[in-house]
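Engineer: Got a predicted model here, sequence first, then my questions.
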Amino acid sequence: MRPDEIISAVRKYDKKADVAALRRACMFAEKMHHDQRRESGEKYLSHPLAVAEILLEYKLDSTSIMAALLHDTVEDTPASYDSVCALFGKDVANLVQGLTKLETYQLQSITSDQAENFQKLILASSKDMRILLIKLADRLHNMRTLDVCSAEKRRRKAQETMDIYVPLAERLGLHRIKNELEDISFKILNPTAYANIMQRLKLVGSKQKGMIVAEIKQLENLLKKEHIKGRVIGRVKMPYSLWRKLQTHQNMMSSIFDVLGFRIIVTNIPDCYRVLGLIHGMYRAVPGRFKDYISTPKDSGYRSLQTSVITPKGLPLEIQIRTEEMEEEAMFGIAAHWSYKQGVKYDGRNLPWMKEFLELISKSKSPSEFLSRAKLHMYTDKLFCFDDKGMLYSLPQGATALDFACYQGSKVALKCVGVEINEEPAELKQVLQDGDKVKFKLTSKIVADKRWLKVVTTAHAKTLLEAHFTEVPTTEQKSSWFSRFFHRKEKTSNILGIPNGMAYQLDPNCHPTAKDAIVGIEEKGEIVIHKRTCPELKKYVTQTDRWYSVEWNTEGKRRNTQAVSLTVIWKTGPESMGRVVNILNKMKASIDSFVILDQEHKKTRVQANIRVKNKDHLLDVLDALRTSEFVQTVYQERENG
């Protein structure tokens, strides 16, 4: 596209565009790059013109188009920030400077600074999202012209594109850019698979054209019959998206290529749901394949109804139903809300996904850690769950109940001791499903445990928990019932002979109890208690300075004097109460009474009034109850005040 064609294209959608400034930008870019060539031998000016042309498809404001034309001038030519600012204004100069900083970081290193490049891109884009759009257009044109580069450079750029730029384009709803970046990268990274899919598409292409035309006519007749104003579009399949489907449906190759895609565009939201009902009435719906992204949009803002159906002839169809406004949003992504409109704010810090990225940056120890967390965050589809107050949360697929607790903040995540999913007791490690209603049981104290890091699957949860464990010393007595059960560490010891200020734990291998003769071994600043018969002691025979003479504090074994009220939820059945009574007897807790609070088909809720010796005895009782297969939930009832 020539400079005069770019100016003409901007004027078509923005009558108020500063044509003189656009013309100056074209002339300035041509002057600055006049003696430069690309690796292909083309004049360098062809690149900024191509980047501007890509952005014209999204009808961006003239400031963005000028920044695209000038984006390499400060980095690669004698031009400076001040000269650009003087000629084109501060907004254009700031966009160019933001892009220049990113290019500078990219030149510093091929691999080691990729993480820092990405972090800088996010930080710069959060202040003005147009930087990210221009960067994506820049990357797209570079990928289109990558054939002249070495094989190693092509693979490196393709992998970086897949890892970083594709998911960012998806977050912005720029699906055309995303799809083209995917297909170019796919062709480079897996040329054999790409060639096979293209060959198969070529074989079925002519056959499908006739099917698509016939099906469009069928759907248009349906709209006409029901007096619904709308239009029908046949969707084109993309090679990479087909390949991804084949990875999960290896035995369905032929059926995947037979699927036809359509978009039905109507005038209002009620008609979307009306058309959905008509489609399901005319065709057989495929179970589990309906998605309502109108009531619960994607992070990118994408809205649509999506369903898969089978025609009477056995033909599979994938159908999207949306309004004209939603169609524009799907085509132009975040740019649909900007375009050339006046007074638009380009600040990205209020976007939910950008907020999460900025939080990851603030809590990550290094750019590399941020990049690894960000990849985990970007490469997941979403599910939607409700808290006990009916508030809707968007979570990555594969998120556990504990991940959900972390999304509700530290006050929930660090104090949760139990969870109900859809009003049924569940474990914190349970993976959530779309539409789950989740309610947490909380304590007044922090009970978070380091083992939770192995339970959570989301970057957000890992960041929150690691930040907490970094702040809380491991010897501090803030461990959960889980850690107390496996690694008891106490300041007020039940063992005599422990030096003041030193923590201790029972050896997890020999498991000493009060019936055993014991000895202490100093390890990493704490005392590990072993049975005197523990075979591990052989390792310390020559290290007598690490041995401590210790014994159980038998004076602490007083009678059960502390009254405690527990709420126990066990599986409804004839054995459950007997098992709970046996556990309490085994743990030497005195039973005052059981009160059945309510009973259902699957669960029974009981108030157990018991007596224990002290707090440690209570913790042991709770530990034992929670490990029983018959007990679903148990917690201590606390008196008000």
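Structural biologist: That came in fine, so what should we check first?
Engineer: How about the contacts made by the residue nearest to N614 when sequence neighbours are not counted?
Structural biologist: Leaving aside its chain neighbours, N614 sits nearest to Q562 (6.4 Å; criterion: Cβ to Cβ, 6 or more residues apart in numbering). Heads up, the C-betas are built off the backbone N, CA and C, glycines and all. By Cβ atoms under 8 Å, 6 or more residues apart in numbering, Q562 lies in contact with R611, V612, K613, N614, K615, H617, L618.
Engineer: just those residues now: which is nearest F186?
Structural biologist: Checking the contacts of Q562 against F186 with Cβ to Cβ, the nearest one is L618 at 59.0 Å.
Engineer: And the closest residue in space to that closest one that isn't next to it in sequence, how far from R155?
Structural biologist: Among residues not flanking L618 along the chain, V612 sits closest, at 4.7 Å (Cβ to Cβ, 6+ apart). Distance from V612 to R155, counting by Cβ to Cβ, to the nearest Å: 65 Å.
Engineer: Compare these two (neighbour count), which wins?
Structural biologist: Counted by other Cβ atoms under 10 Å, V612 and R155 do not tie: V612 has more neighbours, with 22 against 15.
Engineer: wouldn't the more buried one be in contact with V564 here?
Structural biologist: Yes. Counting by Cβ atoms under 8 Å, V612 touches V564, with 5.9 Å between them.
Engineer: Show me whatever sits in contact with both of these two.
Structural biologist: By Cβ under 8 Å, 6+ apart, the residues touching both V612 and V564 are L618.
Engineer: Which helix or strand lies directly C-terminal to the helix or strand hosting T192?
Structural biologist: Counting by DSSP states H and E, the element that carries T192 is helix 191-225. Proceeding C-terminally, helix 191-225 gives way to strand 230-235 as the next helix or strand, assigned by DSSP H and E.
Engineer: partners of that next one in the sheet?
Structural biologist: With DSSP bridges as the test, strand 230-235 is paired with strand 260-266 (antiparallel).
Engineer: Output the contacting helices and strands for the helix or strand following the partner strand.
Structural biologist: Reading on from strand 260-266 to the C-terminus, the next helix or strand found by DSSP H and E is helix 269-282. Contacts defined by 3 or more Cβ pairs under 8 Å, 6 or more residues apart in numbering; DSSP states H and E place helix 269-282 against helix 191-225, strand 260-266, strand 305-310, strand 316-323.
Engineer: tell me, which of those is the model least confident about?
Structural biologist: When the helices and strands packed on helix 269-282 are compared by mean pLDDT, helix 191-225 comes last with a mean of 85.
Engineer: Enumerate the positions of that one that are buried.
Structural biologist: For helix 191-225, burial by neighbour count (16 or more other Cβ atoms under 10 Å) applies to 193-194, 197, 200-201, 208, 211-212, 215-216, 219, 222-223.
Engineer: quick one: which of these is nearest P270?
Structural biologist: Of these, the one sitting nearest to P270 (Cβ to Cβ) turns out to be L223, at 14.1 Å.
Engineer: Counting neighbours, which bits of the helix or strand hosting E325 end up buried?
Structural biologist: Using DSSP H and E, E325 sits in helix 324-332. The neighbour-count check on helix 324-332 (16+ other Cβ under 10 Å) flags M326, E327, E328, E329, A330, F332 as buried.
Engineer: same deal with stretch 391-408?
Structural biologist: Result for stretch 391-408 [16+ other Cβ under 10 Å]: buried residues 393-396, 399-407.
Engineer: same question, stretch 525-532
Structural biologist: Applying 16+ other Cβ under 10 Å to stretch 525-532 flags E526, I527, V528, I529, H530, K531 as buried.
Engineer: With stretch 426-435 instead?
Structural biologist: A426, L428, Q430, L432.
Engineer: same question, stretch 439-451
Structural biologist: So for stretch 439-451, counting by 16+ other Cβ under 10 Å, buried means K439, F440, K441, L442, T443, I446, V447, A448, D449, K450.
Engineer: just stretch 36-53 next, same as before
Structural biologist: Residues of stretch 36-53 classed as buried by neighbour count (16+ other Cβ under 10 Å): Y44, L45, S46, H47, P48, L49, A50, V51, A52, E53.
Engineer: Would you tell me what the next helix or strand after the helix or strand bottoming out on mean pLDDT in the chain is?
Structural biologist: Here the helix or strand of the chain ranked lowest by mean pLDDT, DSSP states H and E is helix 481-486, holding a mean of 39. Once helix 481-486 ends, the next helix or strand along the chain (criterion: DSSP H and E) is strand 495-496.
Engineer: State the next helix or strand along the chain beyond that next one.
Structural biologist: strand 504-506.
Engineer: Counting by contacts, list what that following strand packs against.
Structural biologist: strand 526-531.
Engineer: contact partners of the strand it packs on?
Structural biologist: 475, 489, 495, 498-499, 502-507, 510-512, 516-522, 536-537, 548, 550.
Engineer: What average pLDDT does the next helix or strand after it get?
Structural biologist: Per DSSP H and E, the first helix or strand lying C-terminal to strand 526-531 is strand 547-548. The average pLDDT for strand 547-548 rounds to 78.
Engineer: Can you tell me which helices and strands the helix or strand just after strand 547-548 packs against?
Structural biologist: Using DSSP H and E, the helix or strand that follows strand 547-548 in sequence is strand 551-552. Packing partners of strand 551-552 (3+ Cβ pairs under 8 Å, 6+ apart): strand 495-496.
Engineer: quick one: strands adjacent to the strand it packs on?
Structural biologist: When DSSP bridges is applied, strand 495-496 pairs with strand 551-552 (antiparallel).
Engineer: What residues sit buried inside the helix or strand just after the strand it pairs with?
Structural biologist: Downstream of strand 551-552, the next assigned helix or strand under DSSP H and E is strand 562-571. If you call a residue buried by 16+ other Cβ under 10 Å, then strand 562-571 has these buried ones: V564, L566, T567, V568, I569, W570, K571.
Engineer: Those residues into TSV, with extra columns for distance to V96 and pLDDT?
Structural biologist: TSV is the format used below for the buried residues of strand 562-571 (distance: Cβ to Cβ, whole Å; pLDDT from 0 to 100):
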residue	distance to V96	pLDDT
V564	68	84
L566	66	87
T567	63	86
V568	66	87
I569	62	86
W570	67	85
K571	66	83
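Engineer: which two in those are spaced the farthest apart?
Structural biologist: Every pair of the buried residues of strand 562-571 checked by Cβ to Cβ; the farthest is V564 and K571, at 22.6 Å.
Engineer: rewinding a little: I269: which of the contacts of Q562 is nearest?
Structural biologist: L618 (55.4 Å).
Engineer: and that closest one, what does it touch?
Structural biologist: Q562, V564, V612, Q636.
Engineer: Same question for F28.
Structural biologist: Per Cβ under 8 Å, 6+ apart, neighbours of F28: L69, L70, T73, A79, L87, F88.
Engineer: Show the buried residues in the residues you listed.
Structural biologist: By neighbour count, with 16+ other Cβ under 10 Å, the contacts of F28 hold L69, L70, T73, A79, L87, F88 as buried.
Engineer: got the residue ranges for the helices in the stretch 351-500 of the chain?
Structural biologist: Using DSSP state H, counting those that start in this stretch, the helices of the stretch 351-500 of the chain run over 352-363, 367-378, 401-407, 410-413, 459-471, 481-486.
Engineer: Report the residue ranges of every domain in this structure.
Structural biologist: Domain assignment for the chain by automatic domain parsing gives 3-189, 196-337, 352-471, 495-552, 562-636.
Engineer: Looking at the ones you listed, which is nearest to Y346?
Structural biologist: Closest approach to Y346 among these is made by domain 3-189 (4.8 Å; Cβ to Cβ).
Engineer: Compute the distance from the centre of that closest one to the centre of its chain.
Structural biologist: Domain 3-189 has its C-alpha centroid displaced from the chain centroid by 27 Å (Cα atoms, centre = their mean, to the nearest Å).
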